[in-house]
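Colleague: Predicted model, plus sequence, below.
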Amino acid sequence: MLIGVDFDNTIVCYDALFHREAVARGLIPADLPPRKDAIRDHLRHAGREDEWTLLQGYVYGVGIADARPFPGALEFFTRCREAGVQARIISHRTKHPVLGPQYDLHAAAIAWLQANRFFDDDCGGLCVEQTHFEVSKQDKLARITAVGCTHFVDDLPELLSAPGFPAGVRRILFDPSHTSNNRGEFDRAASWSEVTELLALRSTTAVPSLSFPSHAEPPAAAVRALLSQAGMPPTFRCLPLAGGANNRTYRVEHDDGAVLLKWYFAHPDEPRDRLQSEFAFARFAWKRGIDAVPQPLAHDAANRLGLYEFVPGRRPNVGDIDDRLIDAMLAFVRSLNDFRDDPGALALPDAAEACFSLQAHLDCVESRIERLTTIDVSSDVDRDARRFVETDLATAAQDAFAAARHRAAELDIPLDAELTRSQRCLSPSDFGYHNAVLADDGSVRFFDFEYAGWDDPAKLICDFFKQVEVPVPHQFREHFVTEIGNALNEPEMIAARVECLFPVYQIKWCCIVLNEFVATSALRRTFSEGDHRFEERKIQQLQKARTLLSAISRGQNG
């Protein structure tokens, strides 16, 4: 196996850098989506092609020093090195910009790779001789052939489908924004974790060995430092709390009371920084007087620890859900989105698996199903799960996709049309009563914002009603959709999108239930719970997925 990888927009993520520089130069409004393609299209439509070319030359040249790798990119090359798999970087990049200062773009890229440890022997393990910057696309295609690539990863579908692309090379489209309309012409991956899955560069055991501490308590010195940072006494004791499926949580008791400590899961194959995402979102809300979230107190990025207000109370159950609880949910969403134009809101990231076109929603669910078809078969339950995915679930998904496309056509909603910034919402994501507390003071408080950020309001609604831990009765659906639509001043648009997407999200939640069979999800479970229940959980989750799918087929699930 020899894996070739493109460089720009595949290894290097320029979105934040392009946005920051374009705003600083007065080229775009600050509320334009922070994506390279959105900035490019904005300038081209305004007839400012030369300014786009100058901006691109700067970013790819001297500005590249401020760009970051896509999450998991460096770890991918490290994994290749450890597995004895050859990897090359092969990219089309002119020697100098077409307009403006004549930066050496090849030297800038090499310096960036070195600065970001891609050439370190104990990390990426590459060398300059394994890095090829070609001045034309034809030269790039010729290099892919010359080095003998068996696989190639690129962000441009037009490159992968070019007539001169070498036959026999497995093509993987790197598409983190779900913007491609590819229909099976080549494989697609939305993250480097998914690239790793596609290429089977992972452990062959049912539960991969942990790459993080497996002892029961977080580092005591780090906890003391956090307490000190929050102005609390240094003497404490940690009491583990049950219920976390992805992280470890503790009630930390000290002389003045108690706080909640969260120890976050992290793994190279997981692109999202859970701690930073949650703490930033909670801090944004708290600073704007939204006290429906626990107060964020302090965090430690190095040890993946977050300290929050401890809220005494209990988790709601289905029997608790009434008009009061529904109104509390609605009030929380409204209060967040009252600040959509706040600079702090614009700085928040997109939500995990954010989708801004109907096609992006379909592609996201399709990617989840494709990932589940790569389940490692090491036991009977693995074999049963894979068979279920490849037959029953895949068939139901195609039916749901067809229904969504048909309804979108009836409602005259173009599948590829993206929501504008003003049509998007701030979403807590993973939003439901499973992430709420009925506090002892009578209030309803919300937590768990690891996936939060900008998203399609229809996704927030569909997830709210399709999450499986504390199911929301569908008698509240019409009221909820109407109120969210009114709050965001888009009642008709949101109601129409929910109507199209509801059957698709029924399938998505069947996939989510099967996360135990995905390698990194298995790691999260063993981090939060230990591995003693792993096989038992897989059996339970497979049965739950079957039950969900059966309810869908009988028309009992929305």
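Modeller: Yep, it's here.
Colleague: For the stretch 51-200 of the chain, which segments count as strands?
Modeller: 68-69, 86-92, 131-134, 151-154, 170-174, 187-189 (DSSP state E, counting those that start in this stretch).
Colleague: hmm, which helix or strand of this protein has the shakiest average pLDDT?
Modeller: Ranking every helix and strand in the chain by mean pLDDT, DSSP states H and E puts helix 519-529 at the bottom, with a mean of 51.
Colleague: And the next helix or strand past it?
Modeller: Next helix or strand after helix 519-529 toward the C-terminus (DSSP states H and E): helix 534-553.
Colleague: Quick check: which ranges of the stretch 401-550 of the chain have low pLDDT?
Modeller: 519-534 (pLDDT under 70).
Colleague: can we see that at 90?
Modeller: 421, 430-431, 442, 469, 515-538, 548, 550 (pLDDT under 90).
Colleague: Please, where are all the helices along it?
Modeller: Under the criterion DSSP state H, counting those that start in this stretch, helices of the stretch 401-550 of the chain are mapped to 457-466, 477-487, 491-513, 519-529, 534-553.
Colleague: now the first one and helix 477-487, what's the angle there?
Modeller: Orientation check (axes from the mean of the first three to the mean of the last three Cα atoms, to 10 degrees): helix 457-466 against helix 477-487 gives 150 degrees.
Colleague: Please list the residues outside helix 457-466 that contact it.
Modeller: Identification of contacts with helix 457-466 by Cβ atoms under 8 Å, 6 or more residues apart in numbering yields 329, 333, 351, 354-355, 361, 423-425, 427-432, 472, 474, 477, 480-481, 484-485, 488, 490, 494, 497-498, 500-502, 504-506, 508-509, 558. The way it works is simple: take the backbone N, C-alpha and C, and place the C-beta from them, glycine included.
Colleague: Can you get me the centre-to-centre distance for the helix or strand hosting Gly306 and its chain?
Modeller: Secondary structure from DSSP H and E places Gly306 in strand 305-309. Chain-centre distance of strand 305-309: 22 Å, with Cα atoms, centre = their mean, to the nearest Å.
Colleague: and the spatially most central residue of the chain, what pLDDT?
Modeller: Residue closest to the average C-alpha location in the chain (Cα atoms, centre = their mean): Ala352, at 3.3 Å. We have a pLDDT of 89 for Ala352.
Colleague: In contact with it, which residues?
Modeller: Arg272, Ser277, Ser429, Glu450, Tyr451, Gly453.
Colleague: Now with 10 Å, please.
Modeller: Pro271, Arg272, Arg274, Ser277, Ser427, Ser429, Asp430, Glu450, Tyr451, Ala452, Gly453, Asp455 (Cβ atoms under 10 Å, 6 or more residues apart in numbering).
Colleague: Where do the helices of the stretch 101-250 of the chain begin and end?
Modeller: 105-115, 137-147, 157-160, 192-198, 220-229.
Colleague: sorry, back to before: tell me the most buried of the helices of the stretch 401-550 of the chain?
Modeller: Sort those by mean neighbour count, taking mean count of other Cβ atoms under 10 Å, and helix 457-466 sits at the top with a mean of 24.
Colleague: low-scoring stretches of the stretch 101-250 of the chain, by residue?
Modeller: Judged by pLDDT under 90, the stretches of the stretch 101-250 of the chain that qualify are 101-103, 115-117, 120-129, 147, 164, 167-168, 175-222, 234, 238-248.
Colleague: wait, what's in contact with the nearest residue to Gly257 once chain neighbours are set aside?
Modeller: Leaving out its chain neighbours, the residue that sits closest to Gly257 by Cβ to Cβ, 6 or more residues apart in numbering is Phe310, at 7.7 Å. Residues counted as contacts of Phe310 (Cβ under 10 Å, 6+ apart) are 241, 250-253, 257-261, 294-295, 297.
Colleague: next one: Asp456
Modeller: Asp456 neighbours (Cβ under 10 Å, 6+ apart): 351, 354-358, 360-361, 418-419, 423-425, 427, 462, 494, 497-498, 501.
Colleague: if you set the cut-off to 8 Å instead, what comes out?
Modeller: Ala354, Cys355, Phe356, His361, Leu419, Arg424, Cys425, Arg497.
Colleague: picking up where we left off before, among the contacts of Phe310, name the buried ones.
Modeller: Tyr250, Val252, Ala258, Val259, Leu260, Leu261, Pro294, Gln295, Leu297 (16 or more other Cβ atoms under 10 Å).
Colleague: Taking those together, which two end up most distant?
Modeller: Tyr250 and Gln295 (16.8 Å; Cβ to Cβ).
Colleague: roughly how far apart are Ala73 and Asp6?
Modeller: Applying Cβ to Cβ, to the nearest Å, the value for Ala73 to Asp6 is 11 Å.
Colleague: Kindly apply the preceding question to Trp509 instead.
Modeller: For Trp509, the distance to Asp6 - Cβ to Cβ - is 34 Å.
Colleague: and what of Arg251?
Modeller: For Arg251 relative to Asp6 (Cβ to Cβ), the value is 48 Å.
Colleague: How about Ser136?
Modeller: 14 Å.
Colleague: Which of these two has more residues huddled nearby?
Modeller: Asp6 (22 against 10; other Cβ atoms under 10 Å).
Colleague: Tell me the one among the contacts of Ala352 nearest to Ala385.
Modeller: Closest to Ala385, out of all of the contacts of Ala352 and judged by Cβ to Cβ, is Asp430, at 22.6 Å.
Colleague: Check the gap between that closest one and Ile28 for me.
Modeller: Taking Cβ to Cβ, one finds Asp430 at 31 Å from Ile28.
Colleague: repeat for Gln276
Modeller: Distance from Gln276 to Ile28, by Cβ to Cβ: 25 Å.
Colleague: higher neighbour count, those two?
Modeller: Ile28 (21 against 16).
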